[in-house]
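# Here is a sequence with its predicted model. Questions after.
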Amino acid sequence: MARRKYQKRSPWSMIIMAIIAILVCAAMLFGNTFMAKAQNRPTPEEATIVKAGEKAPAFEVQMFDGSTVKLADLKGKVVLLNFWATWCPPCRAELARVEKDIIEKFKGQDFVFLPVSRGEKRETVAAFRDKMGYTFPMGLDTDGRVYAEYAKTYIPRNFLIGKNGKVVKASVGYDEAEFAELIKLIEEQLKK
């Protein structure tokens, strides 16, 4: 069997690889906005229906345990409404921190963490819960109806709703800084 000899790369292939690397870095730096424009999709801001300062749209969501939660019943509490999906890596990263950094931290206070699975069947969410060992309450928005009141696309999404029923913060995606900001905002809202 003949062995292939190592071939040197041409200067042009090196230039093309450098250009590709620059484009990948630019896409990462400019995030969702750059990619949205490249794919002719709305930016995260354009896809957000409910903005900070606006009244949170009323909804009713079936919970994983079969109960129902209405936003109106949570008036007077600070609510972190989180839209997520089992297939979404940033959603999974965010949910991994929730129990310790949000649920436990604000336990016993006028606060509700309300994660709502967007567009997935109960069986899919059940398998994910079992795999991850999650026991905290989760909502099921199997038809995306609740999500459609708040946004057009992109997850994870967080809507921090104040005791007065108005959105304090609407965010898209997950990163450490955004998560830390949400925790600070929850603390501030609970003092009001």
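It's in.
# how about the residue most central in space within the chain, phi and psi?
In the chain, the C-alpha nearest the mean C-alpha coordinate belongs to Pro156, at 1.3 Å (Cα atoms, centre = their mean). The phi and psi torsions at Pro156 (degrees, to the nearest 10) take the values phi -70, psi 160.
# Can you read off the pLDDT for it?
Per-residue confidence at Pro156 stands at 94 (pLDDT).
# What of Tyr6?
Looking at Tyr6, the pLDDT reads 51.
# In contact with Arg118, which residues?
Phe83, Trp84, Ala85, Asp141, Gly144, Tyr147, Ile155 (Cβ atoms under 8 Å, 6 or more residues apart in numbering). Placement of C-beta: from N, CA and C, glycine included.
# circling back to that earlier point, right, and the residue nearest to the centre of the chain touches Cys91 too?
Yes. At 4.3 Å, Pro156 counts as touching Cys91 under the criterion of Cβ atoms under 8 Å.
# intersection of neighbour lists for the two?
Trp84, Tyr174.
# about what we covered before: select, from the contacts of Arg118, the two members most distant in space.
Trp84 and Gly144 (12.6 Å; Cβ to Cβ).
# ok, the two, which is more surrounded?
Between Trp84 and Gly144, counting by other Cβ atoms under 10 Å, Trp84 is the more crowded of the two (25 against 12).
# host element of the nearest residue to the more buried one once chain neighbours are set aside?
Sequence neighbours aside, Cys91 is the residue nearest to Trp84 in space, at 3.7 Å (criterion: Cβ to Cβ, 6 or more residues apart in numbering). For Cys91, the host element (DSSP states H and E) is helix 89-98.
# Also Gly66?
Gly66 belongs to no helix or strand, assigned by DSSP H and E.
# Residues touching stretch 176-189, excluding its own?
So stretch 176-189 is in contact with 78, 80, 94, 97, 101-102, 105-106, 111, 158, 160, 162-163, 168-169, 171, going by Cβ under 8 Å, 6+ apart.
# returning to what we had before: contact partners for the residue nearest to the centre of the chain?
Asn82, Phe83, Trp84, Cys88, Pro90, Cys91, Glu94, Val172, Gly173, Tyr174.
# quick one: which of the residues you listed is nearest Glu120?
Trp84 (9.4 Å).
# The helix or strand bottoming out on mean pLDDT in the chain: what's the following helix or strand?
None of the helices or strands of the chain scores lower by mean pLDDT, DSSP states H and E than helix 11-38, at a mean of 61. Heading C-terminal from helix 11-38, the first helix or strand you meet, by DSSP H and E, is strand 60-63.
# Note down every partner strand of that next one and its orientation.
Strand pairing for strand 60-63, using DSSP bridges, gives strand 68-70 (antiparallel), strand 139-141 (antiparallel).
# ends of stretch 85-94, how far apart?
11 Å (Cα to Cα, to the nearest Å).
# In that stretch, which residues are buried?
Ala85, Thr86, Cys88, Cys91, Arg92, Glu94 (16 or more other Cβ atoms under 10 Å).
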